[in-house]
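Student: give me a 3D structure for the following:
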Amino acid sequence: MKAYHLNGQAGVGGLVLADVSTPEPASGEVRIRVEAASLNYRDLMILDRVGQGGLNGRIPLSDGAGVVDAIGSDVVQWNVGDRVAASFFRDWVSGPFRASYVPSALGGNTADGMLGEYVVLPAIALVAVPAHLTSVEAATLPCAGVTAWHGLIARGGMGKGDTLLVQGTGGVALFGLQFATALGARAIVISSSDEKLARAKALGGSILINYRDTPDWDAALMKATDGEGASHILELGGPGTYDRSLRSVASGGKIVQIGVLTGFGPKPDLARLQWENADIIGVTVGSVEHFTAMNRFLTDKAIHPIVDRVYGFDQAREAFAYLRTGAHFGKIVVKL
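Tutor: This is a model prediction of the structure:
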């Protein structure tokens, strides 16, 4: 089969298409014929540090969907021909997160990812693809979709009447926006692009703030909410946005901490959290159980993920380059 490998060179030059042996499923395992894989910001971070130990030779990308092609012995929950997606953490099936699950993150230091024609995974690490979604759409779910679900709903309890702030219009942000709209929550979207804000409005965004025109977007948010603030915040930016998020959170609100898009820097002053009785929820994706619950919700609400561009398998480098521009609205997918 063909698969992309990281060859030790940082940047897209380190992404190499190679011929490798097609894997065979052992007991308890399933082989998937991958039909689509999607990119996340994490994949750029991995691509840029491939010279570090453990990444050379690794197959990248955590997110993918396809069709069961072969099954090992003792597999009873899947049949050849079933449409499935892989969970981000191979070993996190249910229950609370444990540090021991970290090495099982697909496409990372110790576990191959989905950017190949076939992949073998434990049967318990897979979820059924919602019937109303294509494989291209399903490939966007494992990281961005599950992250938004886990943080905002499974742990954040977002529901009707709440107010959500989403930063930008990437994958996690738009899943959060779609979930809020489906639940009857109000959604505030900040972006540097009026065009993207207009598209976010069409998805249900009700308060739209261009942070280039309005650098003090936290003050604008408080004014637009009559001083109440946002009950839920998808904190995607990191040091460049965190202080403003803290000033934007409502009393008793929740900041779902996910991103480092502006890099790593000084720690923010968390004193306001105490006075507002607010919480920070740290989230790194989620479990198979979270993924399964989210898929039921997607099916019930007939939600389709937002896909910006689809690239061919031989265009994987172009897909990474486009992700780096930050011009995307939603997810970027490689179709096999």
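
Student: distance of the residue nearest to Val80 when sequence neighbours are not counted from Leu236?
Tutor: Leaving aside its sequence neighbours, Val80 sits nearest to Val68 (Cβ to Cβ, 6 or more residues apart in numbering; 5.4 Å). Backbone N, C-alpha and C define where each C-beta goes, glycine included. In this view, Val68 and Leu236 are 34 Å apart by Cβ to Cβ, to the nearest Å.

Student: contacts only, for Val189.
Tutor: Contact analysis of Val189 by Cβ atoms under 8 Å, 6 or more residues apart in numbering lists Leu165, Val166, Thr169, Ala173, Leu177, Leu197, Ala200, Lys201, Gly205, Ile207, Leu208, Ile209.

Student: out of those, who's the most crowded?
Tutor: Neighbour tally across the contacts of Val189 (other Cβ atoms under 10 Å): the maximum, 34 neighbours, falls on Leu165.

Student: that one: what secondary structure?
Tutor: Under DSSP: H, G, I helix; E, B strand; the rest coil, the three-state class of Leu165 is strand.

Student: name the nearest residue to it, sequence neighbours excluded.
Tutor: Once flanking residues are discounted, Leu165 sits nearest to Ala230: 4.0 Å by Cβ to Cβ, 6+ apart.

Student: was I right to think the one you found contacts Ala187?
Tutor: No: the criterion here is Cβ atoms under 8 Å, and Ala230 misses it with Ala187 at 9.5 Å.

Student: what is in contact with the two at once?
Tutor: With contacts defined as Cβ under 8 Å, 6+ apart, the residues shared by Ala230 and Ala187 are Thr163, Leu164.

Student: circling back: tell me the one of the contacts of Val189 nearest Asn56?
Tutor: Distance to Asn56 across those (Cβ to Cβ) is lowest for Ala173, with 32.3 Å.

Student: just the element for the closest one, please.
Tutor: helix 171-183 (DSSP states H and E).

Student: quick one: list the elements packing against that helix.
Tutor: helix 146-149, strand 163-167, strand 186-191, strand 230-235, helix 288-301 (3 or more Cβ pairs under 8 Å, 6 or more residues apart in numbering; DSSP states H and E).

Student: how about 7 Å then?
Tutor: helix 146-149, strand 163-167, strand 186-191, strand 230-235 (3 or more Cβ pairs under 7 Å, 6 or more residues apart in numbering; DSSP states H and E).

Student: in the worst-scoring helix or strand of the chain on mean pLDDT, what's buried?
Tutor: Least confident helix or strand, the chain: helix 271-276 with a mean of 84, by mean pLDDT, DSSP states H and E. By 16 or more other Cβ atoms under 10 Å, the buried positions in helix 271-276 come out as Leu273.

Student: can we start the residue count at 4 from this point?
Tutor: Got it, first residue is 4 now, which makes that one helix 274-279.

Student: re earlier: out of the helices and strands packed on helix 174-186, flag the one nearest Gly98.
Tutor: Gly98 lies closest, by Cβ to Cβ, to one member of those: helix 149-152, at 15.2 Å.

Student: what residues does the closest one touch?
Tutor: Defining contact as Cβ atoms under 7 Å, 6 or more residues apart in numbering, one finds that helix 149-152 is touched by 91, 175, 178-179, 182, 237, 261, 286, 288-289, 293-294, 297.

Student: so where do the strands sit in the stretch 204-339 of the chain?
Tutor: 210-213, 233-238, 252-260, 282-285, 310-315, 334-338 (DSSP state E, counting those that start in this stretch).

Student: highest mean neighbour count out of those?
Tutor: Stretch with highest mean neighbour count among those: strand 233-238 (a mean of 28; mean count of other Cβ atoms under 10 Å).

Student: ok now that one, how far from the chain's centre?
Tutor: Its chain's C-alpha centre and that of strand 233-238 lie 17 Å apart, by Cα atoms, centre = their mean, to the nearest Å.

Student: Gln80 reaches Ala126, doesn't it?
Tutor: Yes: Gln80 lies in contact with Ala126 (Cβ atoms under 7 Å); the separation is 5.9 Å.

Student: between those two, who's got more neighbours?
Tutor: Ala126 (19 against 11).

Student: separation between that one and Asp94?
Tutor: Between Ala126 and Asp94 the distance is 13 Å, computed by Cβ to Cβ.

Student: ditto for Ala114
Tutor: Note on Ala114: its distance to Asp94, by Cβ to Cβ, is 9 Å.
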